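Asker: coordinates only, no sequence provided:
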């Protein structure tokens, strides 16, 4: 299921190595090269952006749900959820944290759980209104990760149709189970937080990727999932990464297990380097400097 090999080349008198890894299940490869500064760790002050007027800080100006939802906006003490004015599907909403700006090291399990609770309340309401089979909760933290606004927020989608990724694993659910068993028995297995098992994949989708697999459905493990995300984001903060993506994949008919993937992106600096070049976008191969085994070893200190 997994294989790797080394290519060697001499450049300007120096021997260079490229490790190519192949994942048979996902039909993907990645390339691990020497440390050349692909991942920027520089940090800059962006108070000018933080202090700009923010539409999410004025909820009364945001879009509202119709009468069929029973309320105009979903809310609790730490978050509020409202319709996405640029929807990605028929049921597409945004769940913003109430605090205008939160540094990665400041995210805790309670904040995350309250956000996810609203996302699930929305999904459950949609299930009452329509026949949906799939849902996802995703998070672009800061602009290098794709956020259009600095104010931290997640995005929830509920749909009759799966995304490309979800369709792939639903179609190959037996093979996916074998893939997970293989990863759990590898040196990349990190450990367990409640009902969530964590590992770094043999062929990552991005920098410092961590995958979490739940033993039960999301309603029964929101607290553990939130604790796991807190630990991962704390780890990212410790290695000076301030931008990341999270995706939580939900099959409402249990076609595949509840799971999530987290990756870091380039740091939020004025002139950041885009981390999706021709290899990532047009060849579907990720270029990395850090082996997933290193990430797993470092993250074990956080759980």
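Answerer: Received it, and whenever you're ready, just let me know what you need. What you are looking at is a predicted structure, and each value in this text was computed from that prediction instead of being measured. Numbers count the residues shown, from 1 in each chain.

Asker: the strands in the stretch 1-150 of the chain, which residues?
Answerer: 2-11, 14-23, 28-32, 74-75, 79-83, 91-97, 134-141 (DSSP state E, counting those that start in this stretch).

Asker: now the ones you listed in JSON lines, with mean neighbour count?
Answerer: All C-beta atoms are positioned from the backbone trio N, CA, C, and that covers glycine. As requested, the strands of the stretch 1-150 of the chain are exported to JSON lines (neighbours: other Cβ atoms under 10 Å):
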{"stretch": "strand 2-11", "mean neighbour count": "10"}
{"stretch": "strand 14-23", "mean neighbour count": "14"}
{"stretch": "strand 28-32", "mean neighbour count": "19"}
{"stretch": "strand 74-75", "mean neighbour count": "19"}
{"stretch": "strand 79-83", "mean neighbour count": "22"}
{"stretch": "strand 91-97", "mean neighbour count": "22"}
{"stretch": "strand 134-141", "mean neighbour count": "23"}
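
Asker: how about the ones you listed, which one is nearest residue 174?
Answerer: Smallest distance to residue 174 across the strands of the stretch 1-150 of the chain (Cβ to Cβ): 16.6 Å, for strand 14-23.

Asker: where in the chain is the helix or strand with the lowest mean pLDDT?
Answerer: Least confident helix or strand of the chain, by mean pLDDT, DSSP states H and E, is helix 47-50 with a mean of 89.

Asker: any low-confidence regions in the stretch 1-150 of the chain?
Answerer: Low-confidence segments of the stretch 1-150 of the chain, defined by pLDDT under 70, span residues 37-41.

Asker: and residue 66, how far from residue 89?
Answerer: Distance, residue 66 to residue 89, using Cβ to Cβ, to the nearest Å: 16 Å.

Asker: oh, that last question was meant for residue 12, not what I typed.
Answerer: From residue 12 over to residue 89 the distance is 51 Å, taken as Cβ to Cβ.

Asker: neighbour count for the two, which is higher?
Answerer: residue 89 (18 against 5; other Cβ atoms under 10 Å).

Asker: who's in contact with that one?
Answerer: Residue 89 makes contacts with 157-159, as judged by Cβ atoms under 8 Å, 6 or more residues apart in numbering.

Asker: the same query, at a cut-off of 6 Å, please.
Answerer: By Cβ atoms under 6 Å, 6 or more residues apart in numbering, the residues touching residue 89 are 157, 159.

Asker: please apply the same query to residue 94.
Answerer: Residue 94 is in contact with 82, 84, 153, 155, counting by Cβ under 6 Å, 6+ apart.

Asker: for residue 263, state which of these is nearest.
Answerer: Of all the contacts of residue 94, residue 155 has the smallest distance to residue 263: 16.1 Å, by Cβ to Cβ.

Asker: check which helix or strand covers that closest one.
Answerer: strand 153-159 (DSSP states H and E).

Asker: pLDDT below threshold where in the stretch 151-300 of the chain?
Answerer: Applying pLDDT under 70 to the stretch 151-300 of the chain picks out no residues at all.
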